[in-house]
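> Fold the following for me, if possible:
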Amino acid sequence: MALSLIVFASFYPPARRTIQYADILAQAVAGRLVLLHVNRASLSDPYSEAQEGYHQQELTRQTDTAAILYQQAEGLQTTAKIEVVTDLLPEVAQDLAHRYRPALFVLSQADDDDRPAALLTACVEILRAGSYPLLVVSTMPPAQHPPRRILIAADRESFALAPEVQALRPLLALPGVEVIVAHITSGGEDDEGCALALRAVQASGLVEGLPTPELRGYQHESPAQGVLAAMLDTRADLVVVLARQRSYLGDLFHRSITAQLLENCPVPVLVLPTTVPEPAPETPALATAADYANTVLTGLLPAF
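Next up, the predicted model:
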């Protein structure tokens, strides 16, 4: 099934560049485009206690916005659908992800002059809480071609990919793409950690069928700054970070490593939701050995 890129649209430069970049990606992976316009993002419906007429009035006022978006879509290489909603709510994000499955949400970085940072923050919090793949495009003009050097920032902890992420693997398998795995440490060199980071990426299936990624280790007191240094050193034009489930709990967006990258990275950042990998099934031989060990240890314990 074709990947759908749901792009947050507006008429200001950062969003327009993001739409152009999403158009390039959609062409590369034979995907679909959806231009989404929202006025606000919130965890609760602002119209829940208001008369329905107020909501309908706001939707009516957005008729011109939708018409202009249709005109904007005509200049794209990929056929695009238009979605206009007043508020991005968790249930709205869920509905969009369900209707356009598999879906990748695409946003532009906040620009103080053109786009309120609060809106970006709220959108990202809702999307991360829903474990949706997310691509944030820098306010700097992105490359006019699909990614060619992809940096995957990984640690030594194993992970499993959420089912929605499998649809994004074609981005890594585009012709001529080089994939680099970077492991950042703050307390000296850690070759074992680097090797475990590469093993975790390979075991997840993210690079299955691809050449073994190049592995590089970096030292930096700040993990986020270490990833940015790795991006510059490798000349990466796309950074991939892994959002573990614990990152969705609490108000972590303003403090997390991922948040710093989304705010400051000069190249697009792809955030992939992950799950905890299931433990490997115990083989009969291992089970027998474990039972035997338990029996021996039990026999050594004093009776009470």
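> which SS state does the residue nearest the centre of the chain fall under?
Central residue of the chain (Cα atoms, centre = their mean): Val271, 2.0 Å from the mean position. For Val271, the assignment made with DSSP: H, G, I helix; E, B strand; the rest coil gives strand.
> Same check on Ala122?
Relying on three-state DSSP, one would call Ala122 helix.
> quick one on the thing from earlier: so what's the residue nearest to the centre of the chain closest to, chain neighbours aside?
With Cβ to Cβ, 6 or more residues apart in numbering as the measure, Leu134 is the residue that lies nearest to Val271, at 4.4 Å, once sequence neighbours are left out. From N, CA and C alone the C-beta is placed, and that goes for glycine too.
> these two touch, right, that neighbour and Leu261?
No. Counting by Cβ atoms under 8 Å, Leu134 stays clear of Leu261, with 11.6 Å between them.
> ranges for the helices of the stretch 101-250 of the chain?
117-129, 169-172, 191-204, 223-234 (DSSP state H, counting those that start in this stretch).
> Export those helices as JSON lines, with columns for mean neighbour count, mean pLDDT and distance to Ala26.
Putting the helices of the stretch 101-250 of the chain into JSON lines (neighbours: other Cβ atoms under 10 Å; pLDDT from 0 to 100; distance: least, Cβ to Cβ, whole Å) gives the following:
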{"stretch": "helix 117-129", "mean neighbour count": "19", "mean pLDDT": "83", "distance to Ala26": "19"}
{"stretch": "helix 169-172", "mean neighbour count": "18", "mean pLDDT": "92", "distance to Ala26": "11"}
{"stretch": "helix 191-204", "mean neighbour count": "18", "mean pLDDT": "96", "distance to Ala26": "25"}
{"stretch": "helix 223-234", "mean neighbour count": "19", "mean pLDDT": "95", "distance to Ala26": "24"}
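> ok, the residue nearest to the centre of the chain to Gln71 distance?
31 Å (Cβ to Cβ, to the nearest Å).
> in this protein, which ranges drop under the pLDDT threshold?
Scanning the chain for pLDDT under 70 picks out the ranges 46-55, 112-116, 245-255, 276, 278-304.
> domain ranges for it?
Split into domains by automatic domain parsing, the chain comes to 4-137, 149-275.
> Relative to Ala143, which of those is closest?
The closest of the domains of the chain to Ala143 is domain 149-275. By Cβ to Cβ, the value is 5.1 Å.
> From the chain's centroid, how far away is the closest one?
Centre-to-centre, domain 149-275 and its host chain are 10 Å apart (Cα atoms, centre = their mean, to the nearest Å).
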